[in-house]
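>>> Mind looking at a prediction? Sequence and model below.
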Amino acid sequence: MKRPILLVALLLLLAGCASTPDDEQEGHGSSTDSGERWRPAPGIDWQWQLSGRLDTSVDVPVYDIDGFDHSARTVAALHDEGRKVICYLSTGALEDWRPDAGKFPKSVVGKGNGWEGERWLDIRRTDVLEPLMAARLDMCRAKGFDAVEPDNMDGYDNTTGFPVEAADQLRYNRLIARMAHERGMSVGLKNDLDQIPQLVGDFDFAVNEQCAQYHECATLEPFVKAGKAVFHVEYELPTGRFCADSRRLRLSSMLKKYELGAWRRAC
């Protein structure tokens, strides 16, 4: 009478062992599929500060800050105040002041993107860029960030010095999104409005600059309809020119200065 009981117990034990390896890998497996990743909802308020001494007194639930410039202690302090924290990284352009800038071979560095010290990257060269970007994403994860804002994700629509096509951009953007998800972080699509229909399913939120000034905000509606936040800033329009439409579209909008310091005027 004891043998069937022992057999059932042995089968249950083997089944349990067979299901665990992927789940036990940090940052992989269940974090992408179980719904544990942070997914900001439309209309959530935020602060975006990439320069100057960080002002943590802004009473908002989301902070978007530079991933290199801030420590795990800063991220933890924001978490202690109930904030979610987004890690800003440039994934489509080289910034020559970053500590890892010397690791990018000249063959993948193209023309300037209009900002001092920044040059477009040849995103077709994923053999070179994937391990470099993986290291940056590992840094964000190690510091405790909840999400990533990968910048310069629309090189195909600019003069980069490389024959980058729309298909190359889609492939690269999806690669960045996948790598962020594999590390348990959510990820935002920065600008790249024309590819939103193809990419809305790959990204957890959007970050946009100046869609009101250029009459493009309606193109971001797929994110809102999918229950995903659109973090939006204007630099040149007064709030009276865009906030009403932002509220109607359920965008998370504010007025900022180009240097992206602490100053803000939210809708």
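Nice, I can see it. Numbers count the residues shown, from 1 in each chain.
>>> where in the chain is pLDDT low?
Low-confidence segments of the chain (pLDDT under 70): 1-35.
>>> What segments of it are helices?
2-18, 30-33, 72-80, 126-143, 166-182, 196-199, 221-225, 243-249 (DSSP state H).
>>> can you put these in CSV and add mean neighbour count?
Using the backbone N, CA and C atoms, a C-beta is placed for each residue, glycine as well. As requested, the helices of the chain are exported to CSV (neighbours: other C-beta atoms under 10 Å):
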stretch, mean neighbour count
helix 2-18, 9
helix 30-33, 14
helix 72-80, 15
helix 126-143, 16
helix 166-182, 19
helix 196-199, 16
helix 221-225, 17
helix 243-249, 16
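>>> got a markdown table for these, with distance to residue 261 too?
Formatted as a markdown table, these follow (distance: least, C-beta to C-beta, whole Å):
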| stretch | distance to residue 261 |
| --- | --- |
| helix 2-18 | 53 |
| helix 30-33 | 34 |
| helix 72-80 | 16 |
| helix 126-143 | 21 |
| helix 166-182 | 26 |
| helix 196-199 | 29 |
| helix 221-225 | 27 |
| helix 243-249 | 21 |
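>>> so which of the ones you listed gets nearest residue 266?
Of all the helices of the chain, it is helix 243-249 that lies closest to residue 266, at 8.6 Å by C-beta to C-beta.
>>> Quick one: distance of the closest one to the chain centre.
23 Å (C-alpha atoms, centre = their mean, to the nearest Å).
>>> which strand is the longest one in this structure?
strand 84-90 (DSSP state E).
>>> relative to helix 72-80, how tilted is that one?
140 degrees (axes from the mean of the first three to the mean of the last three C-alpha atoms, to 10 degrees).
>>> which outside residues touch strand 84-90?
By C-beta atoms under 8 Å, 6 or more residues apart in numbering, the surrounding residues in contact with strand 84-90 are 38, 40, 50, 61-68, 75, 78-79, 118, 133, 136-137, 140, 143-152, 185, 188.
>>> which residues sit in contact with the residue nearest to residue 165 when sequence neighbours are not counted?
Leaving aside its chain neighbours, residue 165 sits nearest to residue 156 (6.0 Å; criterion: C-beta to C-beta, 6 or more residues apart in numbering). The contact partners of residue 156, taken as C-beta under 8 Å, 6+ apart, are 123, 164, 165, 166, 168, 169.
>>> Now do the spatially closest residue to residue 78 that is not a sequence neighbour against residue 70, distance only.
The shortest distance from residue 78 to any non-neighbouring residue, by C-beta to C-beta, 6+ apart, is to residue 85 (5.0 Å). With the distance defined as C-beta to C-beta, to the nearest Å, residue 85 ends up 9 Å from residue 70.
>>> neighbour-wise, which of the two wins?
The neighbour count for residue 85 versus residue 70, taken as other C-beta atoms under 10 Å, is higher for residue 85 (23 against 20).
>>> Would you quantify the distance from the more buried one to residue 63?
According to C-beta to C-beta, residue 85 and residue 63 sit 5 Å apart.
>>> Common neighbours of the two, please.
residue 78.
>>> and residue 81, how many neighbours?
Number of residues near residue 81 (other C-beta under 10 Å) recorded here: 11.
>>> Please name the residues that touch it.
By C-beta under 8 Å, 6+ apart, the residues touching residue 81 are residue 56.
>>> Ramachandran angles for it?
phi -90, psi 10 (degrees, to the nearest 10).
>>> could you measure it against residue 52, distance?
Plainly put, residue 81 is 19 Å away from residue 52 if you go by C-beta to C-beta.
>>> Equivalent analysis for residue 83, please.
Distance, residue 83 to residue 52, using C-beta to C-beta: 18 Å.
>>> who has more neighbours, the two?
More crowded of residue 83 and residue 52, by other C-beta under 10 Å: residue 83, with 20 against 11.
>>> I appreciate the help and will end here.
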